[in-house]
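Undergrad: sequence first, predicted model second:
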Amino acid sequence: MAKYKCFKCGKKITSKVLDKRFVCPSCGSKIFFKPRTKVKKVKTD
């Protein structure tokens, strides 16, 4: 299940909630983004 974040209010929203309407249930915004995971950089010798 994909997780999105509302661009306007910052609330996390699952794809299950957005199944029927692509609108934030909190603020009504239609702009979302998918937060990236943090990448660890490892130095090699």
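TA: Good, I have the coordinates. Residues are numbered from 1 along each chain as shown.
Undergrad: from what I see, residue 14 and residue 25 are in contact.
TA: No - using CB atoms under 8 Å, residue 14 is not in contact with residue 25, being 10.7 Å away. In short, each C-beta sits where N, CA and C put it, glycine included.
Undergrad: quick one, what contacts residue 5?
TA: 11, 12, 13, 32, 33, 34, 35 (CB atoms under 8 Å, 6 or more residues apart in numbering).
Undergrad: JSON lines please, covering these and showing pLDDT.
TA: Below are the contacts of residue 5 laid out as JSON lines (pLDDT from 0 to 100):
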{"residue": "11", "pLDDT": "84"}
{"residue": "12", "pLDDT": "86"}
{"residue": "13", "pLDDT": "83"}
{"residue": "32", "pLDDT": "79"}
{"residue": "33", "pLDDT": "77"}
{"residue": "34", "pLDDT": "82"}
{"residue": "35", "pLDDT": "78"}
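Undergrad: quick one: which of those is most hemmed in?
TA: residue 13 (19 neighbours; other CB atoms under 10 Å).
Undergrad: over to that one: give its phi and psi.
TA: phi -130, psi 140 (degrees, to the nearest 10).
Undergrad: cool, and residue 14?
TA: Per degrees, to the nearest 10, the backbone of residue 14 is at phi -90, psi 160.
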